[in-house]
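**Student:** How does the following fold in three dimensions:
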Amino acid sequence: MRGPDIAVRKDMRVGDLTSKYKAAQQRLIILDYDGVLVPIASHPGLTVPSAEVVKTIRNLERDKRNTVVLVSNRDTAYYEKYLLDTNIVLVAENGSLHHQPGHTWKSVFKYNSSWIAKVAPALNELSSRYEGTFVQRRKTSLAWYYSTAKNKIAFSELRQVTTAIRALVNSNEFSVYHGDGFIELYTKGIDAGSFIARWIGGREYDFIMSIAESRLDESMFGLFTQSAFLIRVCSGGFTHANYILDKQEEVLPLLSHLK
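**Tutor:** Numbering: from 1, shown residues only. You can find the predicted model right below:
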């Protein structure tokens, strides 16, 4: 576990990263998906991994010293459509399900998501009230997307919506995350950090790099020491990262140096 937070450094030297990468024999590379490998879109259905993203993943997985983990709130159907043939660990729905090469989807958690059916009507009402918004229901989470109606919904209204969600009868069974253009409800106790902690177990690595965009996925950072490369993309506030990339477009060029 890491100690007290350190000052975020923006002056990451690529040479330092690559030299430590080349010297390592067991590497762990954890990548967020939306906002890291791909830009955040107004509708999640519009996002398709580019040829450059797939090429980057292929280059990383080709080195047998690498264990690459891709983390997202995406569901398993999305992964199966675009990324299932890659030789990396795919983590869906913020850690609730994961897929390792040659295996089926599994979970490291025991969970009960019966709350989703009870809470879904409240979010569906929001999509009826605000034109252009919609709800995505997954196995362990529920999300209301309002990106296309951002200019029509006042901040005060969003705050009221979040307050009302937190006041629902079943609110003790889920956590709430307000992201960029969406509000996600996910089964309590399931997040990227909790998944990584359980999944790693006794594995040891002499090089660790984790790149995340959201506060939710940044929960992974607290698992590692300051010697790891913990990178936040476009951070506007508090972060556990020790490096920052200003924009998503910087991620793939950075990863291209890892050869």
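**Student:** Going by C-alpha atoms from here, please, whenever you check contacts or count neighbours.
**Tutor:** Fine.
**Student:** For the chain, which segments count as helices?
**Tutor:** Remark: helices assigned in the chain by DSSP state H are 14-23, 51-62, 76-82, 115-129, 155-166, 192-200, 251-255.
**Student:** The ones you listed: which one's closest to residue 209?
**Tutor:** Residue 209 sits nearest to helix 14-23 of all the helices of the chain, at 9.2 Å, using Cα to Cα.
**Student:** can you list contacts of the closest one?
**Tutor:** By Cα atoms under 8 Å, 6 or more residues apart in numbering, the residues outside helix 14-23 that reach it are 27, 207, 229, 254, 257-259.
**Student:** that older thread, Throw the helices of the chain into a markdown table and include distance to residue 244 and mean neighbour count, thanks.
**Tutor:** Shown next, in a markdown table, are the helices of the chain (distance: least, Cα to Cα, whole Å; neighbours: other Cα atoms under 10 Å):
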| stretch | distance to residue 244 | mean neighbour count |
| --- | --- | --- |
| helix 14-23 | 13 | 13 |
| helix 51-62 | 20 | 15 |
| helix 76-82 | 27 | 14 |
| helix 115-129 | 34 | 15 |
| helix 155-166 | 27 | 13 |
| helix 192-200 | 19 | 17 |
| helix 251-255 | 11 | 15 |
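**Student:** closest one to residue 239 among these?
**Tutor:** helix 192-200 (14.2 Å).
**Student:** For the closest one, which outside residues touch it?
**Tutor:** Contacts for helix 192-200 (Cα under 8 Å, 6+ apart): 71, 94-96, 108, 216-223.
**Student:** Neighbours of residue 68, how many?
**Tutor:** 20 (other Cα atoms under 10 Å).
**Student:** same check, this time on residue 107
**Tutor:** 15.
**Student:** wait, what's in contact with the closest residue to it other than its chain neighbours?
**Tutor:** Closest residue in space to residue 107, ignoring its immediate chain neighbours: residue 97 at 4.6 Å, by Cα to Cα, 6 or more residues apart in numbering. Residues in contact with residue 97, defined by Cα under 8 Å, 6+ apart, are 76, 91, 105-108.
**Student:** I'd like the list of those residues that fall within strands, please.
**Tutor:** By the criterion of DSSP state E, membership of the contacts of residue 97 in strands covers residue 91.
**Student:** Would you mind giving the contacts of residue 97 as TSV with distance to residue 134 and pLDDT added?
**Tutor:** Below are those laid out as TSV (distance: Cα to Cα, whole Å; pLDDT from 0 to 100):
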residue	distance to residue 134	pLDDT
76	19	95
91	24	97
105	27	97
106	28	96
107	27	96
108	30	96
